[in-house]
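A.B. asks: quick one: sequence and predicted model below, then my questions.
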Amino acid sequence: MSVSVGLSLHVSGLQPGAETTRVAEALTAFLTEHDLERDVVVTGDAVAGEVFAGSDYPVIVTGFGRWADQIEQGLHDTVRAIAPAAQADFRWSFEDEDEAG
């Protein structure tokens, strides 16, 4: 069964400048490795020490449970490898949530 999901990641507590840039680049590489580079956009604010990643529209996924665990853990590991003290707030959104409100 396929599921339509959105994802967002907000990373804060990064050192302004190079660390923020490295995190943004590493997240972009991870998303490319998992064929998500067209679905999820990464942006960074090097001055504020923050990186954002998010989908503008739902991503259709088959086998969501296994896939979601791999993606979520991989994103967190990618951030921690560069900035262990950073805070990463990861969220899934489901298409039905918007309709339920």
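C.D. replies: Good, I have the coordinates. All of these numbers come straight from a predicted model, not from anything done at the bench.
A.B. asks: what packs against the strand ranked longest in the chain?
C.D. replies: Counting by DSSP state E, the longest strand found in the chain is strand 2-12. Applying 3 or more C-beta pairs under 8 Å, 6 or more residues apart in numbering; DSSP states H and E, one finds that strand 2-12 makes contact with helix 18-33, strand 50-55, strand 59-62, helix 64-82, strand 87-94, helix 95-100. From N, CA and C alone the C-beta is placed, and that goes for glycine too.
A.B. asks: need the contact partners of the first one.
C.D. replies: Contacts of helix 18-33 with the rest of the structure, by C-beta atoms under 8 Å, 6 or more residues apart in numbering, involve 9, 11, 14, 37, 40, 42-46, 49-51, 53, 74-75, 78-79, 81-83, 86.
A.B. asks: likewise the shortest one?
C.D. replies: Where contact means C-beta under 8 Å, 6+ apart, the residues beyond strand 59-62 that reach it are Met1, Ser2, Val3, Ser4, Val5, Gly6, Leu7, Leu36, Asp39, Val40, Trp67, Ala68.
A.B. asks: how far away is the first one from Ala85?
C.D. replies: As for Met1, its distance to Ala85 is 39 Å (criterion: C-beta to C-beta, to the nearest Å).
A.B. asks: which of those two has more residues huddled nearby?
C.D. replies: Each of Met1 and Ala85 has its neighbours counted (other C-beta atoms under 10 Å); Ala85 has more, 9 against 6.
A.B. asks: which one is the more buried one nearest to, not counting chain neighbours?
C.D. replies: Gly13 (6.1 Å; C-beta to C-beta, 6 or more residues apart in numbering).
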